[in-house]
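> what shape does this take:
(one chain, ligands or ions: 2)
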Amino acid sequence: MSKVALVTGITGQDGSYLAELLLAKGYQVHGVMRRSSTFTTDRIEHLYHDVHEPGPKLELHYGDVLDPLGLRQIISDIKPDEVYNLAAQSHVRTSFDTPVYTAEVVAIGALNLLEAVRDFRDATGREVRVYQAGSSEMFGNALELPQNEKTPFRPRSPYACAKVHAFWQAVNHREAYDLHVCNGILFNHESPRRGETFVTRKITRAAARISLGLQSRLFLGNLEAKRDWGFAGDYVEAMWLMLQRGVADDYVVATGESHSVEEFLDEAFACVELNWRDFVKTDAKYLRPTEVHELRGDAGKARAELPWRPEVGFKKLVRMMVESDLLAAKKEAAGVEVDKLEAIAG
Ligand code: NAP
Ligand code: G4F
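Ligands and ions are numbered 1, 2, ... in the order given. Sure thing, here's the model as predicted:
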């Protein structure tokens with residue numbers, strides 16, 4: 001019998017890599033997706049199988065972590081062995097504009113899911129293991145560098161405060177109800193599937209488009225902030241490894257290296273042989289009321305116990321993202337040419 005996994009946030013960056021990993025391991029994968037007026041399944045389109053063919057499958061269910069009854073129905077229908085809670089309003093800057101909504105999705109959403117799993121486990125006696133997507137943003141204005149599992153949380157945004165809430169709800173479900181819940185404390189992880197408004201993808205997409213004449217400027221906020229950037233494909237493996245251990249625990253997942261936004265710009269624009277200083281302008285609207293200046297993780301515990309280590313380093317990650325955005329920009333440029341021809345013909 002193949003294992004059954006439920007993934008919330010399956011249409012997001014991590015959800016798509018995690019679904020790939022679980023399907024490759026023979027899992028039956030179920031994803032929760034929100035109803036939207038437009039398609040949101042671009043990142044997982046390649047994972048659909050013909051329902052008539054045998055083998056591991058991906059099934060999608062409409063739902064929302066703010067709808068506890070819907071979550072309970074999905075869980076009782078599919079009877080998962082593992083649940084991965086990746087759903088979130090995950091943009092830190094946006095959380096300052098939508099603090100209550102962010103807290104509802106990130107904190108109460110996680111609690112809704114934990115309670116649904118607990119009730120299912122109690123009603124059926126089936127063990128369900130839960131992964132809760134924690135974030136290095138929880139360290140915020142941290143007093144120590146690098147940060148590890150013992151570093152106190154000092155969150156600096158509505159998003160980070162909500163993640164801290166979800167973290168402790170997960171710990172409390174483990175201690176109070178003996179639920180098998182792991183918190184991953186993941187540092188920034190990126191990929192060609194990263195949302196276009198996070199700084200890395202914003203930069204690699206702009207470098208590619210500028211090099212093809214599709215864009216002339218790039219507006220950014222704080223260029224001095226430093227982050228520990230890894231590859232999302234490596235990080236979802238750590239999520240899975242956490243749930244394979246007999247004992248539930250919390251783990252930092254990071255590369256151990258931090259780079260500034262400026263260094264990311266250097267590397268990305270070097271890939272297209274341009275100098276970013278000729279194109280980048282600052283716009284105060286991308287600054288945060290409270291900034292997290294530097295995050296760098298110590299993943300020693302994950303390395304020793306899971307065991308896990310990242311495969312993709314900083315330079316390889318940046319190049320991978322720029323190359324993917326160059327392909328997309330070339331397609332866009334070709335489309336622009338067709339549009340121009342149609343306009344002339346029309
Ligand atoms: P992402 O690309 O922004 O994906 C977020 C996912 O959550 C999307 O599928 C989104 O659906 C879904 N979602 C949002 N609100 C929801 C709701 N109310 N109910 C159900 N689903 C909802 O984020 P990501 O980068 O994959 O990150 C995955 C998780 O890890 C998030 O919890 C994030 O906070 C956390 N995290 C990320 C990083 C990182 O560097 N990437 C680091 C640490 C922690 P739509 O497609 O409909 O918007
Ligand atoms: O790419 P960012 O928006 O990522 P941030 O805030 O670190 O959050 C990401 O990583 C967290 C893990 O630590 C996740 F929990 C969270 O869900 C998300 O995935 O910003 C990175 C840095 C910040 O210091 C920001 O101020 O880049 C700086 N930055 C400078 N200009 C910018 C911009 N960030 C964005 N998004 N857009 C800019 O124009």
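> can you pull the contacts of the residue in the stretch 201-346 of the chain positioned nearest to ligand 1?
Scanning the stretch 201-346 of the chain for proximity to ligand 1 using C-beta to the nearest ligand atom identifies Ala232 as nearest, at 6.3 Å. To be clear about C-beta, it is placed using only N, CA and C from the backbone, and glycine gets the same treatment. Contact analysis of Ala232 by C-beta atoms under 8 Å, 6 or more residues apart in numbering lists Gln13, Asp14, Tyr17, His189, Glu190, Ser191, Arg193, Arg194.
> ok, the fourth one touching Met239?
Translated: His189. No - counting by C-beta atoms under 8 Å, His189 stays clear of Met239, with 10.7 Å between them.
> common neighbours of the two, please.
Jointly contacting His189 and Met239 under the rule C-beta under 8 Å, 6+ apart are Asp14.
> the residue nearest to Ala133 when sequence neighbours are not counted: how many residues sit nearby?
Using C-beta to C-beta, 6 or more residues apart in numbering and skipping residues adjacent in sequence, the residue nearest Ala133 is Leu86, 5.0 Å away. Burial of Leu86 is recorded as 25 neighbouring residues (other C-beta atoms under 10 Å).
> ok, now Gly12?
Neighbours of Gly12 (other C-beta under 10 Å): 24.
> and if you look at Ser16?
The tally of other residues near Ser16 (other C-beta under 10 Å) stands at 27.
> and the longest helix belonging to the chain, what does it pack against?
In the chain, assigned by DSSP state H, the helix with the most residues is helix 314-345. Judged by 3 or more C-beta pairs under 8 Å, 6 or more residues apart in numbering; DSSP states H and E, the packing partners of helix 314-345 are helix 199-211, strand 230-231, helix 261-271.
> can you pull the pLDDT of the residue in the stretch 51-200 of the chain that ligand 2 sits nearest to?
The nearest approach of the stretch 51-200 of the chain to ligand 2 comes at Ser135, 3.1 Å away (C-beta to the nearest ligand atom). Per-residue pLDDT puts Ser135 at 99.
> okay, and the beta partners of it?
Under the criterion DSSP bridges, Ser135 forms beta bridges with Leu186.
> which ones are touching it?
Contacts for Ser135 were tallied using C-beta under 8 Å, 6+ apart; they are Tyr159, Ala160, Lys163, Ile185, Leu186.
> export those to JSON lines and tack on neighbour count?
Formatted as JSON lines, the contacts of Ser135 follow (neighbours: other C-beta atoms under 10 Å):
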{"residue": "Tyr159", "neighbour count": "28"}
{"residue": "Ala160", "neighbour count": "25"}
{"residue": "Lys163", "neighbour count": "29"}
{"residue": "Ile185", "neighbour count": "27"}
{"residue": "Leu186", "neighbour count": "25"}
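> and those as CSV, adding pLDDT and distance to ligand 2?
As requested, those are exported to CSV (pLDDT from 0 to 100; distance: C-beta to the nearest ligand atom, whole Å):
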residue, pLDDT, distance to ligand 2
Tyr159, 99, 7
Ala160, 99, 8
Lys163, 99, 7
Ile185, 99, 9
Leu186, 99, 7
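> dump the residues you listed to JSON lines, plus distance to Lys79.
Shown next, in JSON lines, are the contacts of Ser135 (distance: C-beta to C-beta, whole Å):
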{"residue": "Tyr159", "distance to Lys79": "32"}
{"residue": "Ala160", "distance to Lys79": "34"}
{"residue": "Lys163", "distance to Lys79": "28"}
{"residue": "Ile185", "distance to Lys79": "29"}
{"residue": "Leu186", "distance to Lys79": "27"}
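> near ligand 1, from those residues?
Contacts with ligand 1 within the contacts of Ser135, as defined by C-beta under 6 Å from any ligand atom: Leu186.
> and which of the contacts of Ser135 is nearest Gly31?
Leu186 (19.2 Å; C-beta to C-beta).
> my guess is that closest one contacts Gly134, does it?
Yes - using C-beta under 8 Å, Leu186 is in contact with Gly134, at 6.9 Å.
> nearest spatial neighbour of Asn275, chain-adjacent residues omitted?
Nearest non-adjacent residue to Asn275 (C-beta to C-beta, 6+ apart): Phe269, at 6.3 Å.
> those residues of this protein touching ligand 2, which are they?
Residues of the chain lying close to ligand 2 by C-beta under 6 Å from any ligand atom are 90, 92-93, 135-137, 187-188, 197-200, 202, 220-222, 225, 227, 261, 286, 288, 291, 295.
> and the residues you listed, which of them are buried?
Among the residues of the chain next to ligand 2, those classed as buried by 16 or more other C-beta atoms under 10 Å are 90, 92-93, 135-137, 187-188, 198-200, 202, 220-222, 225, 227, 261, 291, 295.
> going along the chain, name the strands of the chain.
4-8, 28-33, 58-62, 82-85, 129-135, 180-186, 189-190, 218-220, 226-227, 230-231, 251-253, 259-260, 280-282 (DSSP state E).
> closest one to Asp97 among those strands?
Nearest to Asp97 among the strands of the chain is strand 218-220; the distance by C-beta to C-beta comes to 17.3 Å.
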